Structures are given as C-alpha cells and as structure tokens.
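Here you go, sequence then predicted model.
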Amino acid sequence: MSRTDIMGRLEILADAAKYDASCASSGTVKRSSKGGKGIGSTEGMGICHAYAPDGRCISLLKILLTNHCVFDCHYCINRKSSNTRRARFTPQEVVDLTLSFYRRNYIEGLFLSSGIVKSSSHTMEQLIEVSRILREEHDFRGYIHLKTIPEADPELVARAGLYADRVSINVELPTVAGLTRLAPDKSAPQIEGAMGTLKTAIVEAKDARKRFRNAPRFAPAGQSTQMIVGADAATDSDIVGRASALYGQFGLRRVYYSAFSPIPDASAVLPLKRPPLMREHRLYQSDWLMRFYGYAPHEVQQAAGADGMLPLDMDPKLAWALQFRADFPVDVNRAPRERLLRVPGLGVRAVNAILAARRQRRLRLDDVGKLTVSLGKVRPFIVAEDWRPVLLTDRADLQSMIAPRRSEQLELFAS
Amino acid sequence: MTARQTLRRPTLHRASLPAADDFEIWRDIARRLIRADMPPECVVWESPADQRADLFASRDAFLPEPPVSAQQPRATRAFLQLAQSAVLHIDPERFSLLYRLLWRLQSNHRLMDDKADEDVRRVEDLARQVRRDIHKMRAFVRFRVVEEPEGERYVAWFEPEHHILRANAAFFVRRFTSMHWSILTPRGSIHWDGEALHEGPPAARTDARSGDPVEALWGKYYSSIFNPARLKVGAMLKEMPRKYWKNMPEAALIPELIAGAQAREARMVDAGAQDFGDRPKSLVEVGDAIVACRRCAIGCNGTSAVMGEGPTDPVLMIVGEQPGDQEELQGRPFVGPAGQVLHAHLSGAGIAAGRAYVTNAVKHFKFVPQGKRRLHQTPTAGEIDTCRWWIESERALLRPRIVLALGASAARSLLGKTVSVQSERGKPRTLDDGSELWIATHPSYLLRLEGDSRVLEERKFINDLRSVAMRLSQLS
C-alpha cells in the first residue's frame, strides 16, 4: 500500500473518531520495555503528547478500524444512511501505524474503535486481532484502549480485556427513551449486559491475581463509557443520576460526556441547536465532585435548578454552596477535611495544604490566600484567625459578587 | 545554633558543585556544612552552568571541617523529595535556598508542613516547575529516524528549560529499551545504544536531521482528530505553550487549522443556515443563549458573552458596539474607559444612567492579541447582522420607547444597513415597533480625539444627549 493511500484513509478514519471524548491513557499497571523484544512503557499516569486547537489532548492514536457501519444511529456520523466517505484499515495497517507513531514518541498507545461490518462478532474479532498482533508479535507494552461492541459474543467482549489496558462500552444516551429513538439498533439491556460481563471478568482477574502471581491481567485500567449530551431531552440531573448508577453498578473508572456535535449530513431527528460546550464542562465538574469531593449524587442534583440543569455561569460546587449557605462559613482552623472540601474555590490540594499547615499554627486569611488560587471565591465561605465573613454569606447579591466572570475553557479529560 | 552576630562580617565559604544537576554532591556538602554549624548567610553556592561572577570570591574560604562529635543533620522525606526536583531548576539561587531550608529544618522539624512559609513555597514552586518541564519533555520529544551503518537511530532535538536531561533519561530507556536513540539539547546530549547510556556534548538543532516521512502521516492524524466545531485555542495554549511548538512537527499546522475552522463557521453564516429557533422568552434566556452562541467567528473566539443590563421596564435603551477588554473581563457592558465617558455625560445631560437599559450590538469581544494586550477590532457587517437576533430579542422583551445607538455599528444593528452617524445624528427615526431611534457617536470616538476636535465633538455628543433627555421628559 502506498503512503498516500494510507494517508487518505487515516484522514477519514481519524476524522470519524474525533467524536469520541476519551483519550485517557492513565490508570493502568506499570510496565517498561526492559527485558523485552518490543517497545513501550506505562507509568500509571498517562502523557498528553500534543493538544489540538479544540483544546483536547492527544495521548493515543484514536482511529476507527472502519467507518462502514450496518447500524443506523441518528447521532452518529458513520450510520448506514449517512453520506460520509468510507474507508477501512486492515489490522496489520493499524499495527504498523501505531508502532511507527509510538517509536517517534508521538503517542502513548492506541484507542481503537470501529463501525460494525458484517456482524458485531466479526468486528469485535478484528479489533482483538489488532491488539493481539501488537502484544504477541511485537511485544508492545504501551497503552491499548479497545472500544468493545456490546452486541458481540460475550466471550469476545471478555477476550478484549486480556490485551487491552482499558475497555469501554458506550451507553450512548442517558435515557432509554433517547436510545430507543436515536439508536434503533442498540438496546439498553444488551449494553448493560456487556458492561456486567466486563465487570465480572475484571473482578475475577483481580481476585485471581491475589492467589496466583502469574494469573493474566485483565483490563487493568478498568472500563469506561461515554454518553452523548444534548441530543435528547435528558436533563443534567438525569445524566448525573445515570452516571452515578453506572459507577456503582459496573465499577466504571470514568464516564465521559460528549456534547452532541453538529455533524455533517445530520439526521433530521436531531435537534438543530447543539448544546453549549459549557454544559459538558459542568457535567465533568459534577463528576469530580462525586469522585473526589465526597458529594452524593443527590447533592449534585440539588445544585441544579428547578429545570434539572446545572447553572452554566458558575461551577456546581459554588451553586451547591449558594443553595446551602447555612453550612457555611467553614472554619479553616477547625473544620474536618470533608467540610473544607465543600468550600468553593478550595481544591483537594489546597485542603491538604491547609490541613498540614494548621498543625503548625492558626491560619490567617492571608495564609489561606497563599494556598489557593482564588481567595475571592473562598473568602465568603470561610472563617480564619483574623477573618469572619458575617455579612458576606447572607448578602443577597453574593452570587453576582463571586460567580466567575470568565467562562472556564478547560476540560477535564484526564482520568 | 550558636550566636555569630558578634562577627563584623562573616567569612564566606564557597561551595562549588561540579555539575548543575547533581543532587548527591549538593547533599554531601550541605550535610558537612550543617555539621560545621555554618549559617546559610555564610555560604556561597556555585555551579559551572550558573556562571556567576562572585565579588567576594577571592576572599572566600574553603569548606570548614566539621567537628567529629557533630550530630548528623536531619532532613524529612518531604524535604528530600522536593530538593531532588528543585535542584534541577535553572535558578542560581536554588542551592542556597535549599540549604537555608535544611538549616531551618534542624530547629523546626515540621517546617515542611507549613505550606504558607515563604521558603517552603518557593522550593515547592521550583520543584513544580521542574516536574512540569520533565513531563513536557516526555510528552513533546519528537524522534526522527536516521539510517546509520549499524541500523536505525531515533534522534530528537529538544530544548528543556531546566537541567532535567540526565534526570529524565531513565524514562526514555524504560520506554524505548530496544531502540537506539539520541536526545540532543543545547546543554548536552544523551545516547542509548540498547545497552548503556552515554553522555555527549551540547548540540545544535541542525544536528537532528529533518525529513522523516512519517511526520506527514502524523500531521494528517493531528489535523483530522481536531474537531473544528469546538475551537478552544486558549485551552490548547495552556497545556502546549508556543515555546515548544518550534520542535513539534504538528505545530506548524495549527495556524492553518484555526483559520480553517473559522472559515467553516463563516461559510455556515453565509449559507444562511442560521436557525435561531423561537424568540427567547426572558432576558435570562437571552443571556444563556448568547453564552452558547457560536454563529460567527467572534462567538467562537473563546471570550465570554456580555449581556445587557438595567431595569426591565426602561424608557431608554442605550446600544453600544461590543464589549471591550474590561467589559469582557467583568461581564458587564460599558464599564471600561468609554463607559466612564458615557456615564459622565449622561449625568451631565440629566439622564439617570440607572434608569436606562445598556447593551451592545455585538455580544462577544472581537480583538487581536498583541503581547499581553487585546486590541479591539471593529466587527464586520456580517457579524453585526448575525448578532441582530439578540438585540432584537432584548428590544422585544423590554419595549423601550427610545433607543439611543452609539456609533455606526450600533446604528447598523438597529437599522439593518450602514448609515452615516454624522448626518443621522440629532434627529429621531421611527423603528418598526414604533419606538424612536436616536443616533450619536460612540464615546470611544471621543477618547481617540485630541485638542479642539475633541472639544467640538464632545459638544455635539452632549447636544445629542440633551435632545434625548428632552424627549424623555416629554414622554414621562
């Protein structure tokens, strides 16, 4: 195959993969290429090798094996009825691309997904074949993330985890009604069934490792999922509820949110307006509140308005604090960790620093200012040695005083 | 600690380090100095890379011999971890800063916990910068294949900010054990032959040959995985600052990708594919919608939208051009220099600013970056027309009796066509909904003038405002 031909197909199959939110390459076991014949290492924390002008990190070679698809999901650019250009790679071509990029230090590994060709099981076999060649024939020790196909034979879905660091199955839409309407070929029970199979396999492999040192590892970076936001009527509150159920039920490492993107040749069923990207960001923030700040799902839902939507102009932690002012101010010199974590503007790092520093002496407002980046936001919610915000917390215009004036542009794609 | 204040000027001891990044040697010397009870102000630290001319060098004494009975100094794990990173920083003060901290640690074992302490913060800051540099090197090194008699060699040119090359070599060994590779930098080079690491002299960028054909494939991947509907240049720059771009082949594509993305948005605008849906039912809805609006290039530039403000039943609506730098930062219209001029003249003319609704024709700030400043740019007719939907929505909700348009852009926004401000000012026009449109210059125009012409234009501006004030008093 000529290089220009490969380039043409790479263009199509990378373009088709750009709607996948995840590019994470962290959370797996430590490996190095020492003592092996091939290349690659993973050190727990992934590395973003470049950033695209859309602000997203490029950590993995994220491509589709093919964008031909027998399914007809309305939100998907690759659906059967879409008028998009089609292409496909052979497993060997994907292997060659991955290795030549990896050797030049462009990537951490491969994120492979595919449209469904012939049958779901056939497609799944092809995906597994790519990772088998990489691992077995080339002794590749970099990161592999496989998007598994829930409709495939459960045996195959489970085999994927033997080669991959992470496996994912997209729940696609936050509600069953949305899924039924927009993805007629997919079924919620099937998706959840496949997630359950993976969870069992992950748990069993972990258990086996405890008994036998050489038991094979199975998806050491766990499983994740992605849902599309804004293509159906689901509110943020619905989405948060769904995500936390998935975390609990299937032990997911991450739930990714992908704001429904206007796609060329869009299906007529889709809304004409795309959701604000900020909505996606607020959902990631709420995800963090649950994973790192000890908020229960219903508490995040309390931060949403009566319409079930998280405010766009402030982060959900601030929104929650404004709703529950009676919980504030929090004394930085006395309060336990859980309560400090509730203070808007105090991140996990700042809270740890406060806890360490206050063992030395009592903290003044000025000290807190040195440990956080946004004292203005923190001030109304804390008590310090020389500071008591008596008036501030009760002021009616508190929100407009401290709500961020500039919209955050960062996205939290690291896992 | 012994009192040494009795000495008039302490003897300076010179601690010379053979390399800029050698933590072990720094630690040995520091231990010896602590055991000799040598206060930080009596030690001058130097290493070859720092090239500091020391004024007192000739009078310096060599390192003191600690008494045999002296106790071993103590350092906490937290200190050692930080020090190992911080010592790689290019700041010539790092050695003395670390020594001062170690000195203070002897009498206060829990000093490292005091994250608000100046020395602790400074060292943490240095360590953080070094860790980031190490991380960015792991991310942004780009190898190119060179054919050599013994086989392929992967060669990279990289410019680290700190002395991290040797400290970072092990990472590349772990990752690329079976490859032969070299990383060349302006301060030295390292080479791996599959068995052992070798250090080499500083190199030049031209020593790393270009022309690896896989770079074109990588560039294609980079451009294809980028979603032009989500342009967020600021987020990209935060993680991938421009200083790294020159050694990353894909970075050459960025300007073209950004320009292309806006062209795609613009094509959508021209194609008339704009569907705004139903009119917003409240000002809050307008506010939310403009935040999300990406229908023109200004809406896509990553700035925050600025909503109008004022009473919900105003008789007067004042329309400016677009938010400026200050307005964008504060999220409120007319709070910058032009806004101050406007407010001064409004009160001069007897118009209560608080009773007027103030807004802009265009809701996002259009600018070109120049260094740290953002220079205002006039919106195009197409951009003003696109944004008309929002100002019309505000008017429909507020139903002001009088609209005062400041400047040509505001006038275009309300009339749908470009008119001359100078010939249209001072006389009202009736808009479709029966309200009166008055046109005046934009106050920023006054700010740009000097001398007599400014006085003249200011007088005209005041007259325009007085006419509006008179109409207001007739209406109320």
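Noted; the coordinates are in hand. Numbering: from 1, shown residues only, chains lettered A, B, ... in the order given.

mind listing what's buried in the helix or strand containing A:Leu162?
If you go by DSSP states H and E, A:Leu162 is part of helix A:154-163. Buried residues in helix A:154-163, counted by 16 or more other CB atoms under 10 Å in any protein chain shown: A:156-163. Just so you know, the C-beta spots here come from the backbone N, C-alpha and C atoms, and that holds for glycine as well.

Against which helices or strands is it packed?
Applying 3 or more CB pairs under 8 Å, 6 or more residues apart in numbering or on different chains; DSSP states H and E, one finds that helix A:154-163 contacts helix A:120-132, strand A:143-147, strand A:166-168, helix A:188-211.

May I see these organised as JSON lines, with distance to chain B, mean neighbour count and mean pLDDT added?
Shown next, in JSON lines, are these (distance: least, CB to the nearest CB, whole Å; neighbours: other CB atoms under 10 Å in any protein chain shown; pLDDT from 0 to 100):
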{"stretch": "helix A:120-132", "distance to chain B": "16", "mean neighbour count": "21", "mean pLDDT": "96"}
{"stretch": "strand A:143-147", "distance to chain B": "11", "mean neighbour count": "27", "mean pLDDT": "96"}
{"stretch": "strand A:166-168", "distance to chain B": "17", "mean neighbour count": "27", "mean pLDDT": "95"}
{"stretch": "helix A:188-211", "distance to chain B": "22", "mean neighbour count": "16", "mean pLDDT": "91"}
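
Figure out which of these is closest to A:Trp288.
strand A:166-168 (19.2 Å; CB to CB).

Work out the sheet partners of the closest one and label each with its direction, please.
Using DSSP bridges, the strands paired with strand A:166-168 are strand A:143-147 (parallel), strand A:223-229 (parallel).

so B:Leu472 sits right up against B:Pro314, yeah?
No - with contact defined as CB atoms under 8 Å, B:Leu472 does not count as touching B:Pro314 (10.5 Å).

and the gap between the residue positioned nearest the centre of chain A and A:Ser22?
In chain A, the centroid-proximal residue (CA atoms, centre = their mean) is A:Tyr256; its distance is 3.3 Å. Per CB to CB, to the nearest Å, A:Tyr256 is found 5 Å from A:Ser22.

now swap in B:Leu63 and tell me
55 Å.

In this structure the residue nearest to the centre of chain A contacts A:Gln226, no?
Yes - look at A:Tyr256 against A:Gln226 with CB under 8 Å: they come within range, at 4.2 Å.

Quickly list what's touching both of those two.
Common neighbours of A:Tyr256 and A:Gln226 are listed as A:21-22 (criterion: CB atoms under 8 Å, 6 or more residues apart in numbering or on different chains).

Let me know the secondary structure of the closest residue to A:Tyr295 other than its chain neighbours.
Once flanking residues are discounted, A:Tyr295 sits nearest to A:Leu289: 4.1 Å by CB to CB, 6 or more residues apart in numbering or on different chains. Classification of A:Leu289 by DSSP: H, G, I helix; E, B strand; the rest coil places it in helix.

Kindly report the same for B:Val358.
Three-state assignment for B:Val358 (three-state DSSP): strand.

Assess the claim that it and B:Glu327 are in contact.
No - if you go by CB under 8 Å, B:Val358 and B:Glu327 don't touch, sitting 10.4 Å apart.

B:Ile298: what's it in contact with?
Counting by CB under 8 Å, 6+ apart, B:Ile298 touches B:322, B:362, B:364-366, B:379, B:383, B:387.

now B:Ser224
B:Ser224 is in contact with A:10-12, A:14-15, A:18, counting by CB under 8 Å, 6+ apart.

Around B:Gly336, how many other residues sit close by?
22 (other CB atoms under 10 Å in any protein chain shown).

How about it, nearest residue that isn't a chain neighbour?
Once flanking residues are discounted, B:Gly336 sits nearest to B:Gln326: 3.5 Å by CB to CB, 6+ apart.

And the closest residue to chain A within the stretch 101-250 of chain B, how far from A:Asp54?
Nearest residue of the stretch 101-250 of chain B to chain A (CB to the nearest CB) works out as B:Ala235 at 2.8 Å. Distance of B:Ala235 to A:Asp54, computed by CB to CB: 8 Å.

same question, B:Glu450
The value you get for B:Glu450 to A:Asp54, if CB to CB is used, is 44 Å.

And B:Ile351, by the same measure?
From B:Ile351 over to A:Asp54 (counting by CB to CB), the distance is 45 Å.

what's the closest of the helices and strands packed on helix A:154-163 to B:Glu46?
Of those, the one closest to B:Glu46 (CB to CB) turns out to be strand A:143-147, at 43.4 Å.

what's the angle from that closest one to helix A:154-163?
Here strand A:143-147 runs at an angle of 160 degrees relative to helix A:154-163 (axes from the mean of the first three to the mean of the last three CA atoms, to 10 degrees).

what's strand A:143-147 in contact with?
By CB under 8 Å, 6+ apart, strand A:143-147 touches A:20, A:22, A:24-25, A:28, A:42, A:46, A:60, A:108-114, A:127-128, A:131, A:134-135, A:160, A:163-170, A:221.

near chain A, which residues of the stretch 1-150 of chain B show up?
Contact residues (CB under 8 Å from any CB of the partner chain) of the stretch 1-150 of chain B with chain A: B:110, B:113-116, B:121, B:135, B:138-145.

what do you get if the cut-off is 6 Å, keeping everything else the same?
B:113-116, B:138-139, B:141, B:143 (CB under 6 Å from any CB of the partner chain).

ok, and the helix or strand in the chain with the lowest average confidence?
Just going to use chain A. Taking mean pLDDT, DSSP states H and E as the measure, the helix or strand of chain A with the lowest value is helix A:398-402, at a mean of 64.

I was thinking of chain B, sorry if that wasn't clear
When the helices and strands of chain B are scored by mean pLDDT, DSSP H and E, helix B:254-270 comes last with a mean of 68.

and the residue in chain A that chain B sits nearest to, how many neighbours does it have?
Nearest residue of chain A to chain B: A:Gly55, at 2.8 Å (CB to the nearest CB). Neighbourhood size, A:Gly55 [other CB under 10 Å]: 25.
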